[in-house]
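Student: based on what follows, work out the 3D shape:
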Amino acid sequence: MSRGALIVRGIALVVLVAFLMTPQSFTWLFAPLTINNAPPIYNQGSLIELALNHLAIVAVATVAATIVAVGLAIFVSRPVGAEFLSLSRSIANLGQTFPPIAVLALAVPVLGFGTAPTLVALFLYGLLPIFENALVGLTTLPATVIDAADGMGMTPLQRLRSVELPLALPVILSGIRLSAVISMGTATIGSTVAARTLGEVIIAGLTSNNFAFVLQGGAIVAALAVLVSDGFGVVERAALKRAGRVPTAA
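Tutor: The predicted structure is shown next:
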């Protein structure tokens, strides 16, 4: 990442934190976007609390999707699980087959309103990119590396833990990053079923015809998505260096 890009990201982070901590100090910026003396700053809850809840929901769903997707990829990349590749891919595709809003509609009667159905929707929606990246990472390793590990007398478990996963980690992290960024935007729909996300701000703006609210909710989500993506990018580059590969410029 260039120095200019780093400066822009740093400024964005400072502005985001300042807005979440003291939103009323930005009244001058959003006031021109309101009509009929509507409040220029979201006043139906704490923005920082909503942002933290939003991040927590995305984090939990992404961790759960990572455990399941990477586990499936490991299983089907072993000789014993190769015949289950099509089934595993179908499971990973399940979330992409059903739109998140449809998953919410199906989950609410079973799980009730709130965070639970949102977690289910994000979990299912996040499986595919992690699974596919993990599968690519584990099945495209150089044969010479695998042969060398076998020649050293490593057991299959030792080879997986000490050789395959470390080398495949950058590709796996790329899938996790994509899943997390997608979930960051998708999580806003959770507010339609009473989950505490930044979707509350957007919905409040739409229902009251207050564009300032809509812009605030959308801008915070977008900023968080960019910062999360950048964070994963840093970890990816570190994993590439550790694996002995030269990271590409971002």
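Student: which elements pack onto the lengthiest helix in the chain?
Tutor: In the chain, taking DSSP state H as the definition, the longest helix is helix 211-242. The contact analysis (3 or more CB pairs under 8 Å, 6 or more residues apart in numbering; DSSP states H and E) places helix 211-242 against helix 3-21, helix 27-30, helix 47-76, helix 165-186, helix 199-207. (Each C-beta comes from the backbone N, C-alpha and C, glycine too.)
Student: try 6 Å
Tutor: Counting contacts by 3 or more CB pairs under 6 Å, 6 or more residues apart in numbering; DSSP states H and E, helix 211-242 packs against helix 3-21, helix 165-186, helix 199-207.
Student: now do the shortest one: which elements does it pack against?
Tutor: Spelled out, that is helix 199-207. helix 211-242.
Student: residues of the helix it packs on that come out buried?
Tutor: For helix 211-242, burial by neighbour count (16 or more other CB atoms under 10 Å) applies to 211-221, 223-226, 228, 230, 232-233, 236-237, 239-240.
Student: likewise stretch 161-177?
Tutor: Neighbour-count burial for stretch 161-177 [16+ other CB under 10 Å]: 163-165, 167-177.
Student: and Ala121, its phi and psi?
Tutor: Backbone torsions of Ala121, given as degrees, to the nearest 10, read phi -60, psi -50.
Student: burial check on Ala56, number of neighbours?
Tutor: 14 (other CB atoms under 10 Å).
Student: what does Val80 give?
Tutor: Val80, neighbours per other CB under 10 Å, totals 9.
Student: give me the three-state assignment for it.
Tutor: Secondary structure for Val80, judged by DSSP: H, G, I helix; E, B strand; the rest coil, is helix.
Student: phi first, then psi, for Ala194.
Tutor: Taking degrees, to the nearest 10 as the convention, Ala194 sits at phi 80, psi 20.
Student: in the protein, which residue is most central in space?
Tutor: Centroid check for the chain by CA atoms, centre = their mean gives Ala180 as the closest residue, at 0.7 Å.
Student: so it touches Ser229, yeah?
Tutor: No. Applying CB atoms under 6 Å, one finds Ala180 not in contact with Ser229, separated by 7.7 Å.
Student: any idea which of the buried residues of stretch 161-177 is closest to Phe123?
Tutor: Nearest to Phe123 out of these is Ile176 (CB to CB; 13.1 Å).
Student: what's the spacing between the closest one and Leu138?
Tutor: The gap separating Ile176 from Leu138 is 14 Å, by CB to CB, to the nearest Å.
Student: do the same with Ala92
Tutor: 14 Å.
Student: compare these two and say which is more crowded by neighbours.
Tutor: Ala92 (24 against 21).
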